[in-house]
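Asks: Got a sequence here, can you model it:
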Amino acid sequence: MERAKARVLIRGAGDLASGVALALQANGACVAMSEAARPLAVRLSVSFAQAVYAGSHCIGQVCAELCTAEGVAEVFGRGCVAVVVDPALDKLGGLLWDAIVDARMLKDSKRRDNPEGMVLIGLGPGFEAGRNCSAAVETNRGPHLGDVILQGSTEADTGAPAPVLGKARERVLYNPQAGRFVPLVEIGTIVEEGELLAEAGGEAVRAPFTGLVRGMLHAQEYIPAHTKIGDLDPRLDPALAFEPSDKAAAAGAGVVRALQAMGVF
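Replies: Residues are numbered from 1 along each chain as shown. Here you go, the predicted model:
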């Protein structure tokens, strides 16, 4: 008799969470993702969070559909990822899952609100296997990226983006002050140094160097100060804006291995 497909819930639907969803789908799982009503994902072209804004979104051959908790099974029947606006798991938490993956990247070991009594895989900083998760997956770049941790903690958040062609911190764009956010360029656009990219809190956000807009936050009525709003890449290849990162792929592969270790697969 064929084994039933594993049902996995991912908290968050940003680019790393979406890399996990792609890996789980490739391994035959039924995947649902919980998100906020106004996701703050920046790499929207490779984030299933975009389904919240557009109703559906595809990354390669895998498509996600926005639905209610009651509609998850129907979306699974179409072979798609189900995306539900339910950040606190008020509805999804009551459904039967074989495992939950916390991919919200909160980077805080104290602020955890996951259901108890089921397999929980923690992604990135702030997780300690055996304390606030069943197993953790390392997301910091380096020799341990994607490693499965069955005892102990993931590495602390470095706060430092990986350098690309000599650009590091300047690659990641933040809004100067709180307020309304209005993007003025599209993901996949090549911009010149000094070009206007967005307006945030009434102030202009300009490109610090000539590069590819690899990520840009969706328009928001309000965001707090110092929210990540964009990703600028010095490599001038528009295709890079629409390809999942190697980091997302490593995170996805790590979650698959963690679930295998937990007996879910």
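Asks: Quick check: residue 170 is in a helix.
Replies: Yes - assessed with DSSP: H, G, I helix; E, B strand; the rest coil, residue 170 lies in a helix.
Asks: Double-check it against residue 208; I have them as touching.
Replies: Yes - the criterion here is Cβ atoms under 8 Å, and residue 170 meets it with residue 208 at 4.5 Å. No exception for glycine: its C-beta is placed from N, CA and C like everyone else's.
Asks: shared neighbours, the two?
Replies: residue 232 (Cβ atoms under 8 Å, 6 or more residues apart in numbering).
Asks: what residues go with each domain of the chain?
Replies: Using automatic domain parsing, the domain parsing of the chain gives 7-157+246-261, 169-234.
Asks: Look at the nearest residue to residue 223 once chain neighbours are set aside and give its secondary structure.
Replies: The shortest distance from residue 223 to any non-neighbouring residue, by Cβ to Cβ, 6 or more residues apart in numbering, is to residue 181 (5.1 Å). Under three-state DSSP, residue 181 falls in the strand class.
Asks: close enough to count as contact, residue 181 and residue 197?
Replies: No - the pair residue 181 / residue 197 is not scored as a contact, 11.0 Å apart, by Cβ under 8 Å.
Asks: Would you map the helices across the stretch 51-200 of the chain?
Replies: Secondary structure of the stretch 51-200 of the chain (DSSP state H, counting those that start in this stretch): helices located at 72-77.
Asks: where does it dip in pLDDT?
Replies: Across the stretch 51-200 of the chain, the ranges flagged by pLDDT under 70 are 109-111.
Asks: Would you state the strands of it in chain order?
Replies: In the stretch 51-200 of the chain, strands defined by DSSP state E, counting those that start in this stretch lie at 56-59, 62-66, 81-85, 99-102, 119-123, 128-129, 135-137, 148-149, 152-153, 172-174, 179-183, 190-191, 196-200, listed in chain order.
Asks: Throw those strands into JSON lines and include distance to residue 265 and mean neighbour count, thanks.
Replies: Shown next, in JSON lines, are those (distance: least, Cβ to Cβ, whole Å; neighbours: other Cβ atoms under 10 Å):
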{"stretch": "strand 56-59", "distance to residue 265": "21", "mean neighbour count": "19"}
{"stretch": "strand 62-66", "distance to residue 265": "18", "mean neighbour count": "21"}
{"stretch": "strand 81-85", "distance to residue 265": "17", "mean neighbour count": "25"}
{"stretch": "strand 99-102", "distance to residue 265": "9", "mean neighbour count": "26"}
{"stretch": "strand 119-123", "distance to residue 265": "11", "mean neighbour count": "27"}
{"stretch": "strand 128-129", "distance to residue 265": "18", "mean neighbour count": "18"}
{"stretch": "strand 135-137", "distance to residue 265": "13", "mean neighbour count": "28"}
{"stretch": "strand 148-149", "distance to residue 265": "13", "mean neighbour count": "20"}
{"stretch": "strand 152-153", "distance to residue 265": "23", "mean neighbour count": "15"}
{"stretch": "strand 172-174", "distance to residue 265": "34", "mean neighbour count": "18"}
{"stretch": "strand 179-183", "distance to residue 265": "39", "mean neighbour count": "17"}
{"stretch": "strand 190-191", "distance to residue 265": "41", "mean neighbour count": "17"}
{"stretch": "strand 196-200", "distance to residue 265": "42", "mean neighbour count": "19"}
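Asks: Mind checking those strands for the one nearest to residue 33?
Replies: Closest approach to residue 33 among the strands of the stretch 51-200 of the chain (Cβ to Cβ): strand 81-85, 5.0 Å.
Asks: and the closest residue to residue 132 other than its chain neighbours, how many residues sit next to it?
Replies: Closest residue to residue 132 apart from its sequence neighbours, by Cβ to Cβ, 6+ apart: residue 112 at 4.9 Å. Here the count is done by other Cβ atoms under 10 Å, and residue 112 has 16 residues near it.
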